[in-house]
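Asker: I'll drop the sequence and a predicted model, then ask my questions.
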Amino acid sequence: MKDTIFYVGGGKGGVGKSMVSLTLVQYLIDKYKDEKTIHLIETDESNPDVGRVYKGIIPMTTAILDEEEKGWILMTNLIERSRDTLFVINSAARSNMGIKKNGRNFTAVLESEAVPYDLVTLWPMNRQKDSVTLLGDFLNYVTFGSVYPVRNCYFGDPGDFMLYTKYLSESESLQSCVSKTLDFPALADIIADDFYTGGKTIPETVDDLGAFAGQSFLSWRNSVYEMFDLTLESTELCEQ
């Protein structure tokens, strides 16, 4: 796999960004740990929930991607110096203004191949209208790479995301940007509390759960990994 930056967006809190980032990091570790370095970029210093889980397990850098350029420069310099690395950016809910101010410059750097990385954007959504409109805003400033809206099925079945379906069908510009719509499977609250609230990795959570809950969690993990497999397969097809 080519060196890649995975940006987990969403533009607001409460859509499942951290859950997607947690599972994506573990997926990349399980799939590429013998080939690539997996490096987490944590952008929320007030609540670095993903960084706390993977501290000491993989390399981690804090970069605040607000309006000021400092964090963007720090992050891009790090990526520019790195090779054989897959970066996961766990974005903060307040990232919108930083994207508006710096997104086009970041796009230009990637397009020029001064930083020879692919960009894959995963955009977790709930069923509210602003999940979709914030994605549209993001795509005004970041126009490089593959974009995957992620319907978080904790908030309902894929068919319940009617506002997203309507917006996508009516927006030719959004259709041209979206590589594939993904569905992030729901996880039972009792297991999610142990996993996310407990601040543990997937393997640590499996070890701590009982037999049935552990098997249910592994089945959920496998479904999430299949979703990420589809993402990578689609990205590689686009490159070809």
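Answerer: Arrived safely.

Asker: buried sites along stretch 135-150?
Answerer: 135, 137-139, 141-142, 144-150 (16 or more other Cβ atoms under 10 Å). Just so you know, the C-beta spots here come from the backbone N, C-alpha and C atoms, and that holds for glycine as well.

Asker: which of the residues you listed fall within helices?
Answerer: The helices, defined by DSSP state H, take in 135, 137, 138, 139, 141 from the buried residues of stretch 135-150.

Asker: out of those, who's nearest residue 7?
Answerer: Taking Cβ to Cβ as the measure, residue 138 is the one of these closest to residue 7, at 9.2 Å.

Asker: for residue 41, helix, strand, or coil?
Answerer: The three-state label given to residue 41 by DSSP: H, G, I helix; E, B strand; the rest coil is strand.

Asker: tell me who's in contact with it.
Answerer: For residue 41, the contacting residues are 60, 61, 62, 63, 75, 78, 87, 88, 89, 90, by Cβ atoms under 8 Å, 6 or more residues apart in numbering.

Asker: just put those in TSV and tack on neighbour count.
Answerer: Listed next are the contacts of residue 41 as TSV, based on neighbours: other Cβ atoms under 10 Å:
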residue	neighbour count
60	21
61	17
62	15
63	19
75	22
78	17
87	23
88	27
89	25
90	26
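
Asker: how about the strands in the chain?
Answerer: 4-8, 37-42, 60-62, 85-90, 118-125, 146-152, 182-184 (DSSP state E).

Asker: residue 29: which of these is closest?
Answerer: Of those, nearest to residue 29 by Cβ to Cβ is strand 37-42, at 5.3 Å.

Asker: what angle separates the closest one from strand 4-8?
Answerer: Strand 37-42 runs at 30 degrees relative to strand 4-8, counting by axes from the mean of the first three to the mean of the last three Cα atoms, to 10 degrees.

Asker: what about the longest helix anywhere in the chain, distance to the chain center?
Answerer: As assigned by DSSP H, the longest helix anywhere in the chain is helix 211-239. Relative to its chain's centre, helix 211-239 lies at 14 Å (Cα atoms, centre = their mean, to the nearest Å).

Asker: separation between residue 87 and residue 50?
Answerer: Shown here: residue 87 relative to residue 50, a distance of 13 Å by Cβ to Cβ, to the nearest Å.

Asker: what's the overlap in contacts for those two?
Answerer: residue 40.

Asker: sorry, back to before: any chance of JSON lines for the ones in helices among the buried residues of stretch 135-150, columns pLDDT?
Answerer: Output for those, formatted as JSON lines (pLDDT from 0 to 100):
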{"residue": "135", "pLDDT": "93"}
{"residue": "137", "pLDDT": "92"}
{"residue": "138", "pLDDT": "94"}
{"residue": "139", "pLDDT": "94"}
{"residue": "141", "pLDDT": "95"}
